[in-house]
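S.K.: sequence first, then the predicted structure:
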Amino acid sequence: MAQQGKRVLLLSASAGAGHVRAAEALMKDFQQHSAVQAPGGEVQHWDILKYTSAVFRTIYSKVYLDLINRAPWLLGVVYKRTDKPWKEGITQAFEKFNAYSFIKAFREFQPDLVVCTHFTPPNIISWLNTHKKKALGGGVQIDPAIVVTDLDLHAMWLTRSYSRYFVAMEETRVYLERMGIDPDRITVSGIPVDPVFRVRKDRYETRKALGLEAERFTILISAGGFGVGPVEILLTELLSMREPAQVVAIAGKSEELKGKLEKLAKKASATHPHVKIHPIGFTRQMDDYMAAADLLISKPGGMTTSEAMARGLPMCVVNPIPGQEERNSDHLLEAGVAIKCNNPPTLGWKIENLIRDPSALLRLRENARSFGKPFAGQTIVRSLLG
């Protein structure tokens, strides 16, 4: 008899872009596995927020982005106060009242395997397993695999219902063990990135293909998928450099920001010829831009960091969100894959020092290449499907 294919359900949440990108990357690796390609096999990716109320979606996504822009300090306060292992908080309370449309869709799909790239879905499933014995599988407990999408681990990722944990770092594995998680169910896989990040690309040829100057030092500034961050301020400070450079500024989905960057680039071309600015809107070519760059200036989100490390691209960390991004920043600096700029007026000076010291930049690049795990997705899929 032919092997029966596996039905795989990937669950993320669109509060920020990283959790969704991690699930999309994993989906591509699952689709290549024979257990999914066999008859009856299928892999689906759901945004868990689409199965919740409008109020809940607003709290999780819009309010989150508003806080990043207007009161990031408040996110830091919430992060610290909720980082208490095995304490049920307001998040779980909301989840209990938003699960019913999800239950219906889940039972219709009947997955053999559930993989979560955000902490909300496993907490929902854990609560359902505890309080609603027949909610998901008709009496059969469903324990999801959990892929942690930051370098560090917040207490909200902890759950009683799990089959496996996949984490980015050895230190995170040790933390989970201390929290009572079965060591045999923890794998240091890295954070999954799109398979395109595994393909070797020549830096200079990639620059030419993107319309950039092949020989000019190339800086990539990313504002994230939603276009948040002090990109205009950073660009203005980079214009003070005297070393020749070109800056690719990614505005994300913000058309307003892209327009501002275009005006700045036009003005700078006449007054600051040493530094050329290339404004880019939302793009699906981040892999190419990272392959072309010498340095990434960015907030240290888990997904952006993992993509850069997969490309061996060192970072200059700016403006980390208090909480998880500050912790990510600490790990990057400790690993010697990044520098950090706390004061924007010193940014140009810091970058010029790197340009003038090729050996220091090479050490950062080599450390980044060692730190990166471009095959994290394959590791996760093989661990779960054999």
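M.R.: Okay, I see it.

S.K.: and the strands in this structure?
M.R.: Along the chain, counting by DSSP state E, strands occupy 7-12, 42-47, 113-116, 145-147, 164-167, 186-188, 217-222, 245-250, 275-280, 295-298, 315-318, 338-341.

S.K.: where does the prediction get shaky in this protein?
M.R.: Applying pLDDT under 70 to the chain flags the ranges 1-2, 59-69, 88-98, 131-140, 223-229.

S.K.: can I see the domain layout of it?
M.R.: 7-192, 199-371 (automatic domain parsing).

S.K.: now for those domains, which one comes closest to Leu385?
M.R.: When these are compared by Cβ to Cβ, domain 7-192 sits nearest Leu385, at 4.5 Å. Quick note: C-beta positions are derived from backbone N, CA and C, even for glycine.

S.K.: burial count for Arg87?
M.R.: For the record, residue 87 is Lys, not Arg. The local packing of Lys87 (other Cβ atoms under 10 Å) involves 11 other residues.

S.K.: Ala22 versus the closest residue to it other than its chain neighbours, what's the distance?
M.R.: Once flanking residues are discounted, Lys87 sits nearest to Ala155: 7.1 Å by Cβ to Cβ, 6 or more residues apart in numbering. As judged by Cβ to Cβ, to the nearest Å, Ala155 and Ala22 stand 20 Å apart.

S.K.: and those two? which has more neighbours close in?
M.R.: Using other Cβ under 10 Å, the more surrounded residue of Ala155 and Ala22 is Ala22, with 28 against 15.

S.K.: so who does the more buried one touch?
M.R.: Ser12, Thr117, Val147, Thr149, Ile191, Pro192, Val193, Met303 (Cβ atoms under 8 Å, 6 or more residues apart in numbering).

S.K.: neighbouring contacts of the longest helix along the chain?
M.R.: Assignment by DSSP state H gives helix 255-271 as the longest helix of the chain. Applying Cβ under 8 Å, 6+ apart, the contact partners of helix 255-271 are 223, 227, 231-232, 235-236, 239, 249, 251, 275-281.

S.K.: most neighbours per residue, which of the strands of the chain?
M.R.: strand 145-147 (a mean of 28; mean count of other Cβ atoms under 10 Å).

S.K.: who are the contact partners of the residue minimising distance to the centre of the chain?
M.R.: Here the mean C-alpha position of the chain is nearest to the C-alpha of Met303 (Cα atoms, centre = their mean), at a distance of 1.9 Å. Shown in contact with Met303 (Cβ under 8 Å, 6+ apart): Ala17, Gly18, His19, Arg21, Ala22, Thr149, Ile191, Val193.

S.K.: how close does it get to Ile233?
M.R.: Applying Cβ to Cβ, the value for Met303 to Ile233 is 23 Å.

S.K.: using CSV, write down the CA coordinates of the longest helix of the chain.
M.R.: The C-alpha trace of helix 255-271 is given here as CSV (Å, rounded to 0.1, in the frame of the first residue of the first chain):
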residue,chain,number,x,y,z
GLU,A,255,4.3,54.6,1.0
GLU,A,256,4.6,57.8,3.1
LEU,A,257,8.1,56.8,4.3
LYS,A,258,9.2,55.8,0.8
GLY,A,259,8.1,59.3,-0.5
LYS,A,260,10.2,61.0,2.2
LEU,A,261,13.2,58.9,1.4
GLU,A,262,13.0,59.7,-2.3
LYS,A,263,12.9,63.4,-1.5
LEU,A,264,15.9,63.0,0.8
ALA,A,265,17.8,61.0,-1.8
LYS,A,266,17.2,63.6,-4.5
LYS,A,267,18.4,66.4,-2.2
ALA,A,268,21.4,64.5,-1.1
SER,A,269,22.6,63.7,-4.6
ALA,A,270,23.6,67.3,-5.0
THR,A,271,24.9,68.1,-1.6
